[in-house]
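Novice: Provided below for reference: sequence and predicted model.
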Amino acid sequence: MPEEFGRGYLYLHFRSMALVVQKFGGTSVADADRIRNVARRIVGTAQAGNGVVAVVSAMGRGTDELVALAREVSDRSHPRELDMLLTAGERVTMALVAMAIQDLGVEATSLTGSQAGILTTGRHGQAEILEIKADRVREGLAEGKVVIVAGFQGVDPSSKDVTTLGRGGSDATAVALAAALSADRCEIYTDVDGVYTADPRLVDVAARIQELSYEEMLELASAGAGVLMPRSVEFGRRFSIPIHVRSSFHDGVGTWVKEETMEQAIVRGIAHDVSAAKVTVYRVPDTPGVAATVFEPLAVAGVNVDMIVQNVSHDGTTDISFTVPEESLDSATAIAKEVAHKIGAGGVTVDTEIAKVTVVGIGMKTESGVAARMFRILADHGINIEMISTSPIRISCVVRGDKVGEAVKALHTGLGLDREADS
Ligand code: ASP
Ligand code: MG
């Protein structure tokens with residue numbers, strides 16, 4: 001540090017100034033008014049003496065509309081061109097937000113993911129961030145500008161083609177950028193007030209969770225709580241970036257996702273997912289290597305298999321069931337059929353009318369009996385459990401799709417989450 005600046009002054013200066021990454025989702029930037037509103041919020045943070053990097057999503061349902069347009073033009077898959085198309089959505093927003101900020105008298109510059117140095121793998125539609133150079137982001141900040149970065153996108157350094165990070169990927173852009181810049185925090189602005197004990201559309205007494213650990217958030221996000229993309233939570237955990245999920249429509253405090261939480265809840269929240277489907281390969285010969293033969297080609301095809309159940313064998317054959325996300329169902333079914341034929345299994349059935357309900361809490365690590373309570377509550381409501389899976393802080397059950405609302409409500413009450421909502 002150059003002596004002439006005076007250490008004391010610099011120290012104070014750095015102390016008061018934080019670097020904040022703010023991410024604004026599609027609904028927060030859905031029209032011109034909301035974009036101006038977002039600009040005011042960013043300017044407010046900057047004028048309070050903070051460095052601000054804003055990551056923006058496509059306006060409203062912009063990405064869905066572009067996907068639909070692509071389907072109208074062609075029914076084949078064009079991974080490279082689709083990414084080219086989809087990255088345009090976030091480019092529209094970043095430029096408009098930068099204009100609105102400049103109109104408020106603050107300097108702002110917008111950058112695409114590629115310009116921001118977000119380097120990814122080449123897997124179109126599902127690229128993973130490898131490295132963030134962020135040189136131009138740092139330059140912009142050093143010039144006193146607010147830097148707006150287009151979410152959800154990067155560039156494959158070997159092909160120089162633009163890539164997208166998967167749906168909801170702007171969250172990953174924001175948290176990864178926060179990590180690369182050693183930001184003090186990452187704020188995720190959205191259309192809800194934070195993370196809830198259950199989906200408030202199903203449970204009217206669901207309450208906002210004040211704080212939860214990365215581990216808990218990761219389990220909830222992976223189990224269908226749509227508020228954060230799971231990969232973004234993974235980045236937060238890996239680089240210890242505190243994440244504040246909050247509303248873009250008011251100034252109220254939202255939910256903090258961070259390392260340590262004051263209270264180690266036994267049950268922190270309930271998530272559900274109606275999008276998964278169950279694939280069963282039946283009458284599989286019960287011999288060594290069969291499971292590997294079924295799941296290897298699924299792995300190669302990038303199918304994200306969630307729960308797996310293999311039944312007890314009768315007469316030398318067994319049934320293997322597994323769940324997959326909706327978007328992978330067609331490829332998973334095709335692969336399963338091919339494998340079934342190869343290994344001489346009976347065949348393949350598909351069930352899309354399932355739902356998964358998941359209970360998460362870090363206190364489960366030390367408290368036993370939560371699974372038994374969960375099963376009893378479902379039983380008392382006449383809800384059949386079709387598959388079960390657990391982690392040290394999570395229990396998931398697959399139930400009939402039309403029972404999921406009742407299951408979530410019953411568990412919210414039965415596991416004591418209603419009471420917290422009152423307080
Ligand atoms: N616009 C992209 C999507 O809708 C990315 C995002 O919003 O996070 O999935
Ligand atoms: Mg989102």
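Specialist: Done, it's in. Ligands and ions are numbered 1, 2, ... in the order given.
Novice: Spell out which parts of the stretch 1-150 of the chain neighbour ligand 1.
Specialist: 25-26, 57-58, 63, 89 (Cβ under 6 Å from any ligand atom). Just so you know, the C-beta spots here come from the backbone N, C-alpha and C atoms, and that holds for glycine as well.
Novice: where along this structure do the helices fall?
Specialist: 7-16, 32-47, 62-73, 79-103, 135-142, 170-180, 214-222, 230-239, 290-300, 329-343, 370-380, 404-414, 417-422 (DSSP state H).
Novice: so which of these is the most packed in?
Specialist: helix 170-180 (a mean of 28; mean count of other Cβ atoms under 10 Å).
Novice: Contacts (any at all) between ligand 2 and that helix?
Specialist: No. Helix 170-180 does not reach ligand 2 (Cβ under 5 Å from the ion); its nearest approach is 5.9 Å.
Novice: Farthest-apart pair in the residues of the stretch 1-150 of the chain next to ligand 1, please.
Specialist: Of all pairs drawn from these, the one with the longest distance (Cβ to Cβ) is 25 and 89, at 12.2 Å.
Novice: list residues touching both of the two?
Specialist: Shared contacts of residue 25 and residue 89, defined by Cβ atoms under 8 Å, 6 or more residues apart in numbering, are found at residue 57.
Novice: what's the spacing between residue 225 and residue 245?
Specialist: 10 Å (Cβ to Cβ, to the nearest Å).
Novice: higher neighbour count, the two?
Specialist: residue 245 (25 against 22; other Cβ atoms under 10 Å).
Novice: That one and residue 252 touch, don't they?
Specialist: No. Using Cβ atoms under 8 Å as the test, residue 245 is too far from residue 252 to be in contact (11.7 Å).
Novice: What is the neighbour count of whichever residue of the stretch 201-350 of the chain sits closest to ligand 1?
Specialist: Closest to ligand 1 within the stretch 201-350 of the chain is residue 229: 6.8 Å, counting by Cβ to the nearest ligand atom. For residue 229, the neighbour count with other Cβ under 10 Å is 24.
Novice: Residue 166 is in contact with that one, correct?
Specialist: Yes. In terms of Cβ under 8 Å, residue 229 counts as a neighbour of residue 166; the distance is 7.5 Å.
Novice: Next one: the most centrally placed residue in the chain relative to residue 113, how far apart?
Specialist: In the chain, the centroid-proximal residue (Cα atoms, centre = their mean) is residue 229; its distance is 0.9 Å. Distance, residue 229 to residue 113, using Cβ to Cβ: 15 Å.
Novice: what does residue 224 give?
Specialist: According to Cβ to Cβ, residue 224 stands 27 Å off from residue 113.
Novice: And those two? Which one has more around it.
Specialist: Between residue 224 and residue 113, counting by other Cβ under 10 Å, residue 113 is the more crowded of the two (32 against 20).
Novice: Bridging across strands, which residues link to the closest residue to that one other than its chain neighbours?
Specialist: Nearest non-adjacent residue to residue 113, counting by Cβ to Cβ, 6 or more residues apart in numbering: residue 153, 3.6 Å away. Going by DSSP bridges, residue 153 is paired in beta bridges with residue 164.
Novice: Residue 348 too?
Specialist: With DSSP bridges applied, residue 348 shows beta-bridge pairing to residue 281.
Novice: who touches it in this structure?
Specialist: Counting by Cβ under 8 Å, 6+ apart, residue 348 touches 279-282, 333, 336-337, 340.
Novice: hang on, the earlier thing: list residues touching both of residue 229 and residue 166?
Specialist: Joint contacts of residue 229 and residue 166 (Cβ under 8 Å, 6+ apart) are residue 172.
Novice: What parts of the stretch 51-200 of the chain come near ligand 2?
Specialist: Contact residues (Cβ under 5 Å from the ion) of the stretch 51-200 of the chain with ligand 2: residue 168.
Novice: Now for residue 144: which residues touch it?
Specialist: Here residue 144 is in contact with residue 107 (Cβ under 8 Å, 6+ apart).
Novice: how much space between it and ligand 2?
Specialist: Using Cβ to the ion, to the nearest Å, we find residue 144 at a distance of 30 Å from ligand 2.
Novice: With residue 272 instead?
Specialist: Separation of residue 272 from ligand 2 (Cβ to the ion) stands at 17 Å.
Novice: Now distance to residue 395 and mean pLDDT too, for the helices of the chain, in a markdown table please.
Specialist: Shown next, in a markdown table, are the helices of the chain (distance: least, Cβ to Cβ, whole Å; pLDDT from 0 to 100):
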| stretch | distance to residue 395 | mean pLDDT |
| --- | --- | --- |
| helix 7-16 | 44 | 46 |
| helix 32-47 | 39 | 97 |
| helix 62-73 | 33 | 98 |
| helix 79-103 | 36 | 98 |
| helix 135-142 | 41 | 97 |
| helix 170-180 | 25 | 98 |
| helix 214-222 | 10 | 96 |
| helix 230-239 | 18 | 96 |
| helix 290-300 | 23 | 94 |
| helix 329-343 | 24 | 95 |
| helix 370-380 | 5 | 97 |
| helix 404-414 | 10 | 98 |
| helix 417-422 | 14 | 69 |
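Novice: Make JSON lines from those helices and add distance to residue 121 to it.
Specialist: Formatted as JSON lines, the helices of the chain follow (distance: least, Cβ to Cβ, whole Å):
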{"stretch": "helix 7-16", "distance to residue 121": "35"}
{"stretch": "helix 32-47", "distance to residue 121": "30"}
{"stretch": "helix 62-73", "distance to residue 121": "20"}
{"stretch": "helix 79-103", "distance to residue 121": "12"}
{"stretch": "helix 135-142", "distance to residue 121": "21"}
{"stretch": "helix 170-180", "distance to residue 121": "13"}
{"stretch": "helix 214-222", "distance to residue 121": "21"}
{"stretch": "helix 230-239", "distance to residue 121": "13"}
{"stretch": "helix 290-300", "distance to residue 121": "16"}
{"stretch": "helix 329-343", "distance to residue 121": "19"}
{"stretch": "helix 370-380", "distance to residue 121": "37"}
{"stretch": "helix 404-414", "distance to residue 121": "35"}
{"stretch": "helix 417-422", "distance to residue 121": "39"}
